[in-house]
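*Asks:* Test case, fold it:
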Amino acid sequence: MVTPERVKAILRQAIISIVLVGLAALAQAGTTSRKPLEPFVLNQYQGGLVDLPSYRGKVVLINFWASWCLPCVAEFPSLMALKDSFVNEPFEVLAINMGEDDSAITSFVGRLDRKLNFPILLDRPVITVANSWSVRGLPTTIIADKTGNMVVKVLGDKNWNSTESRAALQVLLEE
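*Replies:* This next block holds a predicted model:
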């Protein structure tokens, strides 16, 4: 018997597949349909500042998340594995936390199975970047090409280290 949860899971996977096909098509279509991302400078949880323009020349996956968001927590290991998959490529993952205090982030990072391999940025005390980029739910992931243009925005969690995700990102890396 097919349960409603199984139907939802199948539909979710189909939607993700469509988004990835769209990502690959956009990546191959050139920059004409891409939207420049508004630059930001944010504090890092680990200390220091990160400014988006300093990542020009790299494909950047920007993930908006919070520790109370179970889908966000579920996709974090795949983000770390994806970062490992492209360790020798011009690729970066930036995880932007949505307004939580240091203790919540410290607790979350302490529960990870391994050391974090990308920066956590702090969009607080007001969620300025998320608001200016029209982030309306968590997790939201935005992928930017090497010139800083948004290629795709994905709402919801996914396995970022899947074969399909890596293949779509590889298209962007080869531009």
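*Asks:* Taking the centroid of the protein, which residue is nearest it?
*Replies:* For the chain, residue 63 is the residue whose C-alpha lies nearest the centre (Cα atoms, centre = their mean; 2.9 Å).
*Asks:* Name the residues linked to it by a beta bridge.
*Replies:* Residue 63 has these beta-bridge partners by DSSP bridges: residue 95, residue 141.
*Asks:* Low-confidence bits of this structure, can you list those?
*Replies:* 1, 7, 9-33 (pLDDT under 70).
*Asks:* ok, back up a step: and the residue nearest to the centre of the chain, what is it in contact with?
*Replies:* Listed by Cβ atoms under 8 Å, 6 or more residues apart in numbering, the contact set of residue 63 reads 72, 75, 79, 93-96, 139-141. (Each C-beta comes from the backbone N, C-alpha and C, glycine too.)
*Asks:* Could you measure from it over to residue 35?
*Replies:* 18 Å (Cβ to Cβ, to the nearest Å).
*Asks:* Could you do residue 140 as well?
*Replies:* Going from residue 140 to residue 35 by Cβ to Cβ gives 15 Å.
*Asks:* With residue 112 instead?
*Replies:* Taking Cβ to Cβ, one finds residue 112 at 32 Å from residue 35.
*Asks:* Ok, residue 70 next?
*Replies:* Residue 70 sits 30 Å away from residue 35, going by Cβ to Cβ.
*Asks:* try residue 53
*Replies:* According to Cβ to Cβ, residue 53 and residue 35 sit 16 Å apart.
*Asks:* Could you do residue 49 as well?
*Replies:* Separation of residue 49 from residue 35 (Cβ to Cβ): 24 Å.
*Asks:* cool, and residue 157?
*Replies:* Residue 157 is 23 Å from residue 35, by Cβ to Cβ.
*Asks:* the helices in this structure, which residues?
*Replies:* Under the criterion DSSP state H, the chain contains helices at 4-29, 70-85, 102-111, 128-132, 163-173.
*Asks:* Give me the buried stretch members for the third one, please.
*Replies:* Residues of helix 102-111 classed as buried by neighbour count (16 or more other Cβ atoms under 10 Å): 105, 108.
*Asks:* Keeping just the C-alphas, turn it into CSV.
*Replies:* Output of helix 102-111 as CSV, limited to C-alpha atoms (Å, rounded to 0.1, in the frame of the first residue of the first chain):
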residue,chain,number,x,y,z
ASP,A,102,26.0,31.6,19.2
SER,A,103,24.9,29.0,21.7
ALA,A,104,22.3,27.5,19.3
ILE,A,105,24.9,27.3,16.5
THR,A,106,27.6,25.9,18.9
SER,A,107,25.2,23.2,20.0
PHE,A,108,24.3,22.4,16.4
VAL,A,109,28.0,22.2,15.2
GLY,A,110,28.8,20.1,18.2
ARG,A,111,26.3,17.5,17.1
